[in-house]
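A.B. asks: Provided below for reference: sequence and predicted model.
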Amino acid sequence: MTASTGPLVELRGAVKEFPGARRGDAVHRAVDGVDLSVERGEIFAIIGYSGAGKSTLVRLVNALEPVTAGSVVVDGVDVTTLSERGLRELRRGIGMVFQQFNLMESRTVWGNLAFPLTVAGMAREEQQRRISELLHFVGLADKAHARVGDLSGGQKQRVGIARALATNPPLLLADEATSALDPDTTRDVLDLLERVNRELGVTILLITHEMDVVRRIAHRVAVMDAGKVVEQGPVVDVFTEPQHDVTRRFVRTVVEDVPDPDVVAALRERHPGRFVRLAFRDTAGRPSQAFAAFARHDVGFELVHGGIEEIQGTSFGNLTVALTGDAAAVDAALAELAPVVPWTEVA
Ligand SMILES: Nc1ncnc2c1ncn2[C@@H]1O[C@H](COP(=O)(O)OP(=O)(O)OP(=O)(O)O)[C@@H](O)[C@H]1O
């Protein structure tokens, strides 16, 4: 890869249609007019439910599938114009990490890492140096001669990441890289991907169906639904001000919003008073400001639901409080709070 300015990946009006299963069936639009730019040096996540078109989108980027319409530009080169040789070169500049690892299970870790280097024509001694460097980076120096089939899932994915990085690609595509792993292992692998981005400067395009993955490592995110990008932006913005229903559903999986109606009903049995949800965003008021306002107006308050989360140094969250005391005083406290802490009545 050569160009050094502009986005590393840019899709404009990208469409991918597949023919229907049977003759006469309508074509299926797996990707439906996607505009998207992945900037150099960032971790860009694409999130969506199963069937949203995420994997197909990734296959457009590494040109495993041609677009039906629109354009896909990687490092300044329109991939639709590439010859076989050009495509091979493109793919050499793109590391791939998969959910099911796609490693040679019966070979050793070393053998798996040597393979792409041999294909790239690297001399034996240089391979030794490179493999040892990679194994140290992913924390598997002691596993060089272990059979991949004997490793744990997390170790396998470390090998998968090392293999993807073997030829120093500027771009890594991670397709559900942690979806087959348990929560602890997921955290380790996400930490490793973050180091790949920060320490090696590798741009990462990752696809996932888990908002927690997005929250942990992505800088920007695009939400896909039925082939379309319905919303995209910096992760903090998308989390704090989700615009689309699908996005709100994803955000709710990691950030407490309002309690469900049956939870509210149970809470009301235990807590008297008026239920109000306070929305905290880093730029606005903090919980202590809200609590001070209640105290000033002699309003009793009890925290009944919610939590504060941290995303890339920005804290936000939703707290539901039960407010007791004189009704006029509660109104006055809430009126005072409104400009700094947005609140809504919990029905
Ligand atoms: N080669 C193909 N031929 C026909 N239809 C396809 C093909 N590849 C994907 N599709 C269809 O395109 C749609 C999007 O699939 P895709 O795999 O991109 O979604 P996804 O968001 O990655 O979901 P998942 O996480 O389940 O893989 C699906 O309806 C799928 O059945």
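C.D. replies: Received it, and whenever you're ready, just let me know what you need. Numbers count the residues shown, from 1 in each chain.

A.B. asks: So G307 is in contact with G317, correct?
C.D. replies: Yes. Using CB atoms under 8 Å, G307 is in contact with G317, at 5.3 Å. In this view, the C-beta of every residue, glycine as well, is placed from N, C-alpha and C.

A.B. asks: ok now do the closest residue to the ligand within the stretch 101-250 of the chain, which residues does it touch?
C.D. replies: Going by CB to the nearest ligand atom, the ligand is nearest to H209 of the stretch 101-250 of the chain, at 6.0 Å. Residues in contact with H209 (CB atoms under 8 Å, 6 or more residues apart in numbering) are 47-50, 54, 176, 179.

A.B. asks: And for S50?
C.D. replies: With CB under 8 Å, 6+ apart, S50 has these contacts: H209.

A.B. asks: residues in the stretch 201-347 of the chain within reach of the ligand, list them.
C.D. replies: For the stretch 201-347 of the chain, no residue is in contact with the ligand (CB under 6 Å from any ligand atom).

A.B. asks: Quick one: list the elements packing against the host helix or strand of V330.
C.D. replies: For V330, the host element (DSSP states H and E) is helix 327-337. Packing partners of helix 327-337 (3 or more CB pairs under 8 Å, 6 or more residues apart in numbering; DSSP states H and E): strand 274-280, helix 287-296, strand 314-324.

A.B. asks: As a markdown table, these with mean pLDDT would be great.
C.D. replies: Below are the helices and strands packed on helix 327-337 laid out as a markdown table (pLDDT from 0 to 100):
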| stretch | mean pLDDT |
| --- | --- |
| strand 274-280 | 91 |
| helix 287-296 | 91 |
| strand 314-324 | 89 |
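
A.B. asks: tell me the pLDDT at P261?
C.D. replies: As predicted, P261 sits at a pLDDT of 86.

A.B. asks: Kindly report the same for T2.
C.D. replies: With respect to pLDDT, T2 scores 54.

A.B. asks: Same check on the one 5 residues further on?
C.D. replies: P7 carries a pLDDT value of 95.

A.B. asks: pretty sure it contacts D35?
C.D. replies: No. Using CB under 8 Å, P7 is not in contact with D35, being 11.2 Å away.

A.B. asks: contacting residues around the residue nearest in space to the middle of the chain?
C.D. replies: For the chain, V214 is the residue whose C-alpha lies nearest the centre (CA atoms, centre = their mean; 2.9 Å). Listed by CB under 8 Å, 6+ apart, the contact partners of V214 are 45, 47, 208, 221, 235, 250.

A.B. asks: So which of the residues you listed sit within helices?
C.D. replies: 235, 250 (DSSP state H).

A.B. asks: Out of the contacts of V214, the closest to H145 would be?
C.D. replies: If you rank the contacts of V214 by distance to H145 using CB to CB, T208 comes first, at 32.6 Å.

A.B. asks: Isn't the closest one up against A45?
C.D. replies: Yes. T208 lies in contact with A45 (CB under 8 Å); the separation is 6.1 Å.

A.B. asks: So the two - more neighbours on which side?
C.D. replies: Neighbours were tallied for T208 and for A45 using other CB atoms under 10 Å; the higher tally belongs to A45 (28 against 24).

A.B. asks: can you pull the pLDDT of the more buried one?
C.D. replies: For A45, pLDDT reads 97.

A.B. asks: Roughly how far does it sit from M96?
C.D. replies: A45 is 16 Å from M96, where distance means CB to CB, to the nearest Å.

A.B. asks: and what of A120?
C.D. replies: Distance from A120 to M96, by CB to CB: 15 Å.

A.B. asks: Comparing the two, which residue is more hemmed in?
C.D. replies: Counted by other CB under 10 Å, A120 and M96 do not tie: M96 has more neighbours, with 19 against 13.

A.B. asks: Look up which residues are beta-bridged to that one.
C.D. replies: On the basis of DSSP bridges, M96 is bridged to L173.

A.B. asks: contacting residues around it?
C.D. replies: M96 makes contact with 62, 102, 164, 172-175, according to CB under 8 Å, 6+ apart.

A.B. asks: ok, 10 Å please
C.D. replies: 58, 62, 64, 102, 160, 163-164, 169, 171-175, 177 (CB atoms under 10 Å, 6 or more residues apart in numbering).

A.B. asks: Filter these down to just the ones in strands.
C.D. replies: Among the contacts of M96, the members found in strands (DSSP state E) are 171-175.

A.B. asks: would a markdown table of the residues you listed with distance to the ligand be doable?
C.D. replies: Below are the ones in strands among the contacts of M96 laid out as a markdown table (distance: CB to the nearest ligand atom, whole Å):
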| residue | distance to the ligand |
| --- | --- |
| L171 | 19 |
| L172 | 17 |
| L173 | 12 |
| A174 | 13 |
| D175 | 8 |
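
A.B. asks: Can you show me the helices along the stretch 151-300 of the chain?
C.D. replies: Ranges of helices in the stretch 151-300 of the chain, per DSSP state H, counting those that start in this stretch, are 153-165, 183-200, 211-217, 235-240, 245-252, 261-270, 287-296.

A.B. asks: Can you list the buried residues in the next helix or strand after the last one?
C.D. replies: Just to be clear, that refers to helix 287-296. Once the chain leaves helix 287-296, the next helix or strand it forms, by DSSP H and E, is strand 300-311. Buried residues in strand 300-311, defined by neighbour count with 16 or more other CB atoms under 10 Å: 300-301, 304-306, 309, 311.
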